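Colleague: Just to be clear, the model below is a prediction. Sequence and coordinates:
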Amino acid sequence: NAGVTQTPKFQVLKTGQSMTLQCAQDMNHNSMYWYRQDPGMGLRLIYYSASEGTTDKGEVPNGYNVSRLNKREFSLRLESAAPSQTSVYFCASSELEVVNEQYFGPGTRLTVT
Amino acid sequence: QQPVQSPQAVILREGEDAVINCSSSKALYSVHWYRQKHGEAPVFLMILLKGGEQKGHDKISASFNEKKQQSSLYLTASQLSYSGTYFCGTEIRNAGNMLTFGGGTRLMVKP
């Protein structure tokens, strides 16, 4: 099992450019999450998907959109990148039925200049 | 609202003990603990549920005081591998494991 995979690992964008961060999990989990982590800080939830076909806003959704393409894949899109979106982005997944641990991907380090 | 962790940082010698605290202003359904090493993804340690149930690591212990809305993580006989940043994540209701994370406690264990 690869667990949770994310692409790309690193990305540099110019202000105003767009991009999509990809996330996939092979653990047959229902729930998937996107977090951002700024230097020296904790994780903040951007969006989550409790199950295939549903998505909901988290703590910091502005400037982002998501797509739950199928049970395995959950993508995060930045339509017009801003320097304030420079961060490390983590995708995670978990079982839904009971309170359960989240499994995190390796992260995408994004710099917006 | 983000839970508050204390201390922000702690330095230990191998074999020493540490306690990391997590405090919330809201009533909690569950508290989750994760450890993150520099440049890596967070890794699950433990879940504490309202009502006393626990799931997780058998070498790390934790407590959850529902009335005080606080949780503590106990690291005993620390090893070099315990170094990293510890985060608590809190859930105010049973709603798909939606967590709000604290700012983290940086732990360094020295030989």
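Modeller: Arrived safely.

Colleague: Okay, and the spatially most central residue of chain A sits in which element?
Modeller: With distances taken as C-alpha atoms, centre = their mean, the residue of chain A nearest its centroid is A:Trp34 (2.9 Å). Per DSSP states H and E, A:Trp34 falls inside strand A:31-37.

Colleague: Do me a favour and average the pLDDT over that strand.
Modeller: On average, the pLDDT along strand A:31-37 is 96.

Colleague: for the residue nearest to the centre of chain A, what are its contacts?
Modeller: A:21, A:23, A:45-48, A:58, A:64, A:66, A:74, A:76, A:89-91 (C-beta atoms under 8 Å, 6 or more residues apart in numbering or on different chains). Every residue, glycine included, has its C-beta placed from N, CA and C.

Colleague: partner residues bridging it?
Modeller: A:Tyr47, A:Cys91 (DSSP bridges).

Colleague: and what of B:Ile47?
Modeller: B:His32, B:Lys55.

Colleague: Check which residues of stretch B:78-95 are buried.
Modeller: Neighbour-count burial for stretch B:78-95, counted by 16 or more other C-beta atoms under 10 Å in any protein chain shown, picks out B:Ser78, B:Tyr82, B:Ser83, B:Gly84, B:Thr85, B:Tyr86, B:Phe87, B:Cys88, B:Gly89, B:Thr90, B:Glu91, B:Ile92.

Colleague: Let me see the contact set for the closest residue in space to the last one that isn't next to it in sequence.
Modeller: Once its chain neighbours are removed from consideration, B:Ile92 has its nearest residue in B:Lys26; the separation is 5.2 Å (C-beta to C-beta, 6 or more residues apart in numbering or on different chains). Counting by C-beta under 8 Å, 6+ apart, B:Lys26 touches B:Gln1, B:Gln69, B:Thr90, B:Ile92.

Colleague: What of B:Tyr74?
Modeller: B:Asp17, B:Ala18, B:Val19, B:Ile60, B:Ser61, B:Ala62, B:Ser63.

Colleague: Wasn't the residue nearest to B:Ile92 part of a helix?
Modeller: No - under DSSP: H, G, I helix; E, B strand; the rest coil, B:Lys26 falls outside any helix and is assigned coil.

Colleague: Next one: it relative to chain A, how far apart?
Modeller: Plainly put, B:Lys26 is 14 Å away from chain A if you go by C-beta to the nearest C-beta, to the nearest Å.

Colleague: how near is that residue to B:Tyr82?
Modeller: Distance, B:Lys26 to B:Tyr82, using C-beta to C-beta, to the nearest Å: 29 Å.

Colleague: got the residues of chain A near chain B?
Modeller: Applying C-beta under 8 Å from any C-beta of the partner chain, we find that chain A lies next to chain B at A:31, A:40-45, A:48, A:50, A:58-59, A:90, A:94, A:96, A:99-107.

Colleague: I'd say A:Met41 and B:Gly103 touch.
Modeller: Yes - A:Met41 is within contact range of B:Gly103, at 6.1 Å (criterion: C-beta atoms under 8 Å).
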